[in-house]
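[1] I would like the atomic coordinates for the input below:
(2 chains)
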Amino acid sequence: MLRLLVFAVALAFGFAQEITVLTHESFSLDKGLIARFERDTGLKLRFLKAGDAGEVLNRAILTKGAPIADVIYGVDNTFLSRALEADVLLPYRSPEVRNLKATLLLDPTFRALPVDYGWVSLNYDRAFFRERPLPKTPQDLARPEYARLLVVQNPATSSPGLAFLMATVARFGEDGYLDFWARLRDGGVRVAKGWSEAYYTHFSLYKGDRPLVVSYATSPAAEVYYSEGKYKEPPTGNLFPELAFFQVEFVGILKGTKNLEGARKVVDWFLSKPVQENLPTEMWMYPARRDARLPEVFRFAPEPLGSVRLDPKVMAQNRERWIEEWTKVVLQGQSPEAVRRARR
Amino acid sequence: MVRLAGGFLLLFLGLALFYPFGRILALGVGEGFSRALTNPYYWGRYLWSLEYGFLSALLTLLLALPLAFLFRRRFPFREGFLALATLPFVLPTPVVALGFLALLGPRGVLGVDLYGTKALLLLAALFYNLGLALRVLLPVALRLEGPMGAARVLGATPLRAFLRVGLPLLLPALASAGLLVFLYTFSAFGVPLLLGGPRYATLEVEVYTLLAQRLAFAEASGLMLLELLTLGLLAWLYLRVPAYPLGPSRLLPSRRPWALALGMGALFLLLYAPLFALLAEVRLEALAQAWGSQDFTPLPQALGNSLRFALLAFLLALPLGVAYGVAARGSPGLDLLGLLPLMVSPVAVGLGYLLAYPGLRGSLPLLLGAYALLAYPLLARALLPALRSLPPSLLEAARVLGATPLRAFLRVELPLLLPALASGSALALSALLGEFGASLVLWRPEWTTLTLAIYERLGRPGEGPYREALALSALLAFLSTALFYLLDRGRGGFR
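    You can find the predicted model right below:
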């Protein structure tokens, strides 16, 4: 009887000490790091994965009353405003905040803390462009000879696709971006469902026929890292820093958590040096900490200078409309004028 | 007996489907509902979904029917070919797309670029569903020799015997297979998008975008009810197809077994060329790399998870499938209800789980329940035509001789159903290995299965991950072929 009671207490205690982290499908961290955190704190970490950043946040919003996790990781700056407006996060000014790059602190209420950042960027196949000239300006991309070499992702089903669409809005403005896309469409740009399809079935480095692809600024470095020594130099390169789209990924504590103390420890842990130094080769993002050292292979992933940025509020307000207008122009073949007229 | 089976099925459906799905529909009561239904864009998607579903079902049946008749005969490698036919069913869609484009894409080996054409989409639908249709047709086709032989003895030509006797008897199975193919293609998610681009998105893709990305419940509910209505109507039509009792199943000898084997080999080589194109690229080193992978889920763990989940979920899907079969035989209403898991949008059910059972998120029972939900209708579909064709006199005789209903079922009917049961089990298990269920629930990294491990690798840029993904796909393909082969062997001994 006594043993049973002890067991029950231990069980209840065990449940109370479990911290659930809701995250997106690309999340990945070294298992040793996770084990060490569990050993040091006595907390048990449980990760739950679902879809991309948007889907993850939506699940948190949907279950606002009875939260399905204590901590959410992976909400990015394109969804930041939605997360803050939906009021699903608790403020927490972690002691680690002072170690983070100040430009990344996009939420002054400290409900969403930056963990890592990166860029969605155009990649090109070096072998293909060895004898042929690269496009010189972003406008050149829309010329038929380049548009038919490009594969992008559908912004309605893919987050890099959405990021690239937003980059064109930032670069060409509300009036110009639809014209740019109409020219891409007429020139024969290809639209893939998601990143994997674009990269592995349409990009000419793999199975495809398109030497220009929307990917990440770190992809060339990843190509070297994963090539098992085959490449000394990346087989791909980044193009047009001015069309790269800046992304920050945040961590936050979900309102309604039963273990606030534990949730705070997890947030601190995400911002701690060991995790921050593990991030780059696990998720191919740059660490938010100022003093985190980058792995050697990141010399192939220089940060693009002069990339475009949009205010999170503007993104939250216009995201749906941009996707809708893009769909009308690129997929349904409507003219930019007609779409702009429909706005009013 | 029927009531017991029906009760069990309804209890499971109520918990695993009606309640969570209802929670999502309840969120959708609002003005956006009619807005979705008056939007011409969505009607365009709807018409295309209908077209794709119908054409795919038609094409698949046109090829599956003669094949089912050929597979009634014994010839070398017969079981091997049958096992191969269901293989695409388990492969993740990006991998299949890779294979198709490697062959018929812009840089395809054959030199024809079919990317973005309807022809390629229909070819893919055929590739995916042929095995499915064959599985449903074959158990009935194997029972046709009695009646068709009788017709020939009475003076009918073989053609006449087929048209006037064989075909009408096969009609329920044809309807069943056609309906199943339609269900899968009408609500197809990945294949049309991957091979045809967003122009060929089905209505289901719009539902997904509305629900998962935009939380637009009203619009989504409108579209989901439209889908349900369409599929419900079709299912109801299918229920009106009459079924006739048939004798035991029998494999026939072949006069030219090797010619048949050769012909079948040529056909399969042609049909499965996209797969072979991909398998040709697989390197053994990549498999070794995946085995001890530091960057991704290592192969042993993924393989163990796949086998464990498939087996556990199968233990739930098996009684459910049999219960559904038994219940559906007695009640057309239950027949319709039991098909619902294939008719409702998986995203809606997945979100519904979060609302209905927040405490169960990321728990094994929920995962297994979701798996079983999507697998049992497949098992039952293969079982039903055979179940319906059992002569009722058998059961009556057993009852008159004093057997309880349960005993009569277990000792008289079940043994006669074994071939169909093996066939259905193979289908259900392959669906479980190919994992449709995981998309329904939040999953834990330590639960990563083979399919998820493939997606994991295809999510990072680099040759290493790419080669490992191909190698894992090949392993998955091998696993499912072996599974079918073994289950078919069991059937081969039972004539």
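[2] how about the residues of the stretch 101-250 of chain A near chain B?
    When proximity is defined as Cβ under 8 Å from any Cβ of the partner chain, the stretch 101-250 of chain A approaches chain B at A:154, A:156-157, A:190-193, A:195-197, A:199-201, A:204, A:206-209, A:215-216, A:219, A:222-223, A:225-228, A:230. Heads up, the C-betas are built off the backbone N, CA and C, glycines and all.
[3] narrow the residues you listed to those that are buried.
    A:154, A:156-157, A:190-193, A:195-197, A:199-201, A:204, A:206-209, A:215-216, A:219, A:222-223, A:225-226 (16 or more other Cβ atoms under 10 Å in any protein chain shown).
[4] next up, the contacts around the residue in chain A that chain B sits nearest to.
    Scanning chain A for proximity to chain B using Cβ to the nearest Cβ identifies A:Y226 as nearest, at 2.7 Å. A:Y226 makes contacts with B:D295, B:R460, B:P461, B:G462, B:E463, B:G464, B:P465, as judged by Cβ atoms under 8 Å, 6 or more residues apart in numbering or on different chains.
[5] so for the fifth one, what's the nearest residue that isn't a sequence neighbour?
    Here the nearest residue to B:E463 in space, its sequence neighbours aside, is A:S227; by Cβ to Cβ, 6 or more residues apart in numbering or on different chains that works out to 5.2 Å.
[6] the one you found - that's part of a helix, no?
    No - counting by DSSP: H, G, I helix; E, B strand; the rest coil, A:S227 is not part of a helix but coil.
[7] how about stretch B:16-25 as PDB, C-alpha atoms only?
    Written as PDB, here are the backbone C-alpha positions of stretch B:16-25 (Å, rounded to 0.1, in the frame of the first residue of the first chain):
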ATOM      1  CA  ALA B  16     -12.500   9.200 -33.100                       C
ATOM      2  CA  LEU B  17     -14.400  11.000 -35.800                       C
ATOM      3  CA  PHE B  18     -17.900  12.500 -35.100                       C
ATOM      4  CA  TYR B  19     -17.200  14.400 -31.900                       C
ATOM      5  CA  PRO B  20     -13.900  16.000 -33.000                       C
ATOM      6  CA  PHE B  21     -15.100  16.700 -36.500                       C
ATOM      7  CA  GLY B  22     -18.300  18.200 -35.000                       C
ATOM      8  CA  ARG B  23     -16.300  20.500 -32.800                       C
ATOM      9  CA  ILE B  24     -14.600  22.000 -35.900                       C
ATOM     10  CA  LEU B  25     -17.900  22.200 -37.900                       C
END
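[8] does that stretch reach chain A?
    No - counting by Cβ under 8 Å from any Cβ, chain A has no neighbours in stretch B:16-25; the shortest distance is 9.4 Å.
[9] residue ranges of the helices in the stretch 251-400 of chain B, please?
    With helices called from DSSP state H, counting those that start in this stretch, the stretch 251-400 of chain B shows them at B:257-271, B:273-279, B:284-291, B:299-330, B:332-338, B:346-356, B:364-388, B:392-400.
[10] and the end-to-end length of stretch A:220-231?
    Stretch A:220-231 has its terminal residues 10 Å apart, counting by Cα to Cα, to the nearest Å.
[11] quick check: mean pLDDT of it?
    For stretch A:220-231, mean pLDDT is 93.
[12] partner strands of the longest strand seen in chain A, parallel or antiparallel?
    Taking DSSP state E as the criterion, chain A has its longest strand at strand A:113-125. With DSSP bridges as the test, strand A:113-125 is paired with strand A:212-216 (antiparallel), strand A:236-239 (antiparallel), strand A:245-254 (antiparallel), strand A:286-287 (antiparallel).
[13] could those be laid out in TSV, adding mean pLDDT?
    Listed next are the strands paired with strand A:113-125 as TSV, based on pLDDT from 0 to 100:
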stretch	mean pLDDT
strand A:212-216	97
strand A:236-239	96
strand A:245-254	96
strand A:286-287	97
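[14] save those as JSON lines, and put in distance to B:G402 too.
    What follows is the strands paired with strand A:113-125, written out as JSON lines (distance: least, Cβ to Cβ, whole Å):
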{"stretch": "strand A:212-216", "distance to B:G402": "72"}
{"stretch": "strand A:236-239", "distance to B:G402": "77"}
{"stretch": "strand A:245-254", "distance to B:G402": "63"}
{"stretch": "strand A:286-287", "distance to B:G402": "77"}
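[15] stretch B:145-156: how far from the chain's middle?
    Put simply, stretch B:145-156 sits 33 Å off its chain's centre (Cα atoms, centre = their mean, to the nearest Å).
[16] do stretch B:107-114 as well
    29 Å.
[17] ok, and the closest non-adjacent residue to the residue in the stretch 151-300 of chain B that chain A sits nearest to?
    Of all residues in the stretch 151-300 of chain B, B:L193 sits closest to chain A, at 4.3 Å by Cβ to the nearest Cβ. Excluding its sequence neighbours, the residue lying closest to B:L193 (Cβ to Cβ, 6+ apart) is A:K193, at 4.3 Å.
[18] what number of residues lie near residue 321?
    Since no chain was named, I'll use chain A. The tally of other residues near A:R321 (other Cβ atoms under 10 Å in any protein chain shown) stands at 11.
[19] actually chain B
    Based on other Cβ under 10 Å, the number of other residues close to B:G321 is 29.
[20] not counting its neighbours along the chain, what's nearest it?
    B:G321 sits nearest to B:L379 (Cβ to Cβ, 6+ apart), 3.1 Å away.
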